[in-house]
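Novice: Kindly generate the corresponding structure for this input.
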Amino acid sequence: MPMIDIYAAEDLFPAGTDRQLAEQLTAALLRAEGVAQPGPAHTHNTGAYIHRMPASAVHTAATDAARTVRIQVVTPPAALSREGQKMFVKEATSIVAQISGDPTQVTRTWVLLTEAAEGGWGIAGTAFGRAEFAALLAPKTA
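Specialist: As a prediction, this is how the structure comes out:
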């Protein structure tokens, strides 16, 4: 149940593509976590926040109005293996380039992977760690 934040100049992605961007990045991240069939606990608790900013608000040391994209992901403890990290960064970068319509965007897409500390992930007033996530995702018996 990761959280995804995408920061980009407001005109970098075509109008009407926010949902597509959110869906594709969420699916890529869940795959990278090894979730073959996301259930309601995954789909209702994975958030994607798209932050469209004025082009003048995005800078690098070299230029004002930089055409960079920053994707920051926060995952529960141990959610991504090293292979999962590599898989997500590659796929997320490709998704951004495809949706932006600019293949060169891959060189200006930054992906930051952050792992919450054990117990440092709160849902419904509970500080979740590995045990709480395992219980939340365990199949329910009748």
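Novice: What distance do you get for residue 91 to residue 109?
Specialist: Relative to residue 109, residue 91 is positioned 11 Å away (C-beta to C-beta, to the nearest Å). In short, each C-beta sits where N, CA and C put it, glycine included.
Novice: scratch that, residue 98
Specialist: In terms of C-beta to C-beta, residue 98 sits 11 Å off from residue 109.
Novice: And these two? Which one has more around it.
Specialist: Neighbours per residue, other C-beta atoms under 10 Å: of residue 98 and residue 109, the larger number sits with residue 109, 21 against 15.
Novice: Could you report the separation of that one from residue 100?
Specialist: 9 Å.
Novice: what residues are shared contacts of the two?
Specialist: Taking C-beta atoms under 8 Å, 6 or more residues apart in numbering as the criterion, residue 109 and residue 100 both touch residue 69.
Novice: Which stretches in this structure count as strands?
Specialist: In the chain, strands defined by DSSP state E lie at 3-9, 47-53, 69-75, 109-115, 121-123, 126-128, listed in chain order.
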